[in-house]
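*Asks:* sequence unavailable; structure follows:
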């Protein structure tokens, strides 16, 4: 695709309809693209640790309501007095993990379109009140341990952040990978830095309920082939789907979940990692993400760790 050749509505539909990964991983379909992280890939990932410097990519658990956190977490501590002058502190929390304020991984049961869920499953059959009966987050219980690659969009553009009038396109991701001397290989984790924290300094909270907002910047649907063609195992991003989109599809890029079986980690913080990558001119590293084992869950809070 040449620069500025924005795909048509039919082309976007074909990305989600004709280029699916359905049936590709018959032995472990619920893990989707995480099947691309082989034992060899995990061993290789360790070789990308150079300095040993770690970076947490997670956000603090949000307990205060805001535009980007309309369903705040509950959290409290109970003090327990014990025998012989001892004691303990116990805590309790609940979390509505999906959205923009909690760093979380999406299970493959999380989203669907008119063609169905991942692997063509019927949400009316698979989703019940207390669980998903297919592709829950417990299918990701072995975690993610692979090579991570960061693509720095603002640095490439010479700006501080991505705005709603200039979404990230697939051809741009190709250009950035070339400029950063990155060669993507199957099973890599892709981290896309769009400058969310800088955006929020200038514009206020990112995200929130779309009906209460004019939209939010992020990735254009033209990015879908980049994920598919490069056999990305998991996508981590600070800004998410460009919304609204011009194609009449429910999910601009999140549709890769039900079409490709692509794992996604939403709400990551990439500012410090991006700065370190730019400082060292090194854009690959070891990445680990470990979901909670929530049987039939649609996702899990996570604290991804990149080690340079």
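*Replies:* Nice, thanks for sending it over. Keep in mind the model is a prediction, meaning the values are calculated, not measured.

*Asks:* how about the helices in the stretch 51-200 of the chain?
*Replies:* Ranges of helices in the stretch 51-200 of the chain, per DSSP state H, counting those that start in this stretch, are 123-126, 153-157, 170-179, 196-203.

*Asks:* ok, and what's touching stretch 163-182?
*Replies:* 1-3, 5-6, 149, 151-153, 156-157, 162, 183-184, 192, 194, 199, 214-220, 222-226, 239, 242, 283-284 (CB atoms under 8 Å, 6 or more residues apart in numbering). Placement of C-beta: from N, CA and C, glycine included.

*Asks:* give me the residues contacting the helix or strand where residue 10 lies.
*Replies:* Residue 10 is part of helix 9-17 when elements are defined by DSSP states H and E. By CB under 8 Å, 6+ apart, the surrounding residues in contact with helix 9-17 are 7, 113, 115, 221-222, 224-225, 228, 246-249, 255, 259.

*Asks:* quick one: buried residues of that helix?
*Replies:* Residues of helix 9-17 classed as buried by neighbour count (16 or more other CB atoms under 10 Å): 11-13, 15-16.

*Asks:* taking their axis directions, it and helix 170-179 sit at what angle?
*Replies:* 60 degrees (axes from the mean of the first three to the mean of the last three CA atoms, to 10 degrees).

*Asks:* check contacts around residue 261.
*Replies:* 21-22, 24-25, 29, 31-33, 108, 118-119.

*Asks:* how about JSON lines for the contacts of helix 9-17, with neighbour count added?
*Replies:* Formatted as JSON lines, those follow (neighbours: other CB atoms under 10 Å):
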{"residue": "7", "neighbour count": "19"}
{"residue": "113", "neighbour count": "17"}
{"residue": "115", "neighbour count": "14"}
{"residue": "221", "neighbour count": "28"}
{"residue": "222", "neighbour count": "24"}
{"residue": "224", "neighbour count": "25"}
{"residue": "225", "neighbour count": "20"}
{"residue": "228", "neighbour count": "19"}
{"residue": "246", "neighbour count": "12"}
{"residue": "247", "neighbour count": "17"}
{"residue": "248", "neighbour count": "9"}
{"residue": "249", "neighbour count": "19"}
{"residue": "255", "neighbour count": "22"}
{"residue": "259", "neighbour count": "25"}
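
*Asks:* what residues are bridge-paired with the spatially most central residue of the chain?
*Replies:* Centroid check for the chain by CA atoms, centre = their mean gives residue 265 as the closest residue, at 2.5 Å. Beta-bridge partners for residue 265, by DSSP bridges, are residue 105, residue 236.

*Asks:* would you check that it makes contact with residue 302?
*Replies:* Yes. Under the criterion of CB atoms under 8 Å, residue 265 is in contact with residue 302, at a separation of 6.3 Å.

*Asks:* mind putting the buried residues of helix 9-17 into a markdown table with distance to residue 138?
*Replies:* Below are these laid out as a markdown table (distance: CB to CB, whole Å):
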| residue | distance to residue 138 |
| --- | --- |
| 11 | 35 |
| 12 | 32 |
| 13 | 32 |
| 15 | 29 |
| 16 | 26 |
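
*Asks:* and which of those residues is nearest to residue 79?
*Replies:* Closest approach to residue 79 among these (CB to CB): residue 16, at 51.9 Å.

*Asks:* so, low pLDDT: which residues of the chain?
*Replies:* 1-4, 208-213 (pLDDT under 70).

*Asks:* show me how to select, in ChimeraX, the buried members of the contacts of stretch 163-182.
*Replies:* In ChimeraX syntax, the buried subset of the contacts of stretch 163-182 is picked out as below (16+ other CB under 10 Å):
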select :6,149,151,152,153,156,162,184,192,194,199,216,217,218,219,220,222,223,224,225,226,239,242,283,284
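
*Asks:* which of the contacts of stretch 163-182 fall in strands?
*Replies:* Those of those mapping onto strands are 149, 151-152, 192, 284, per DSSP state E.

*Asks:* farthest-apart pair in those, please.
*Replies:* Greatest spacing in those, by CB to CB: 192 and 284 (14.0 Å).
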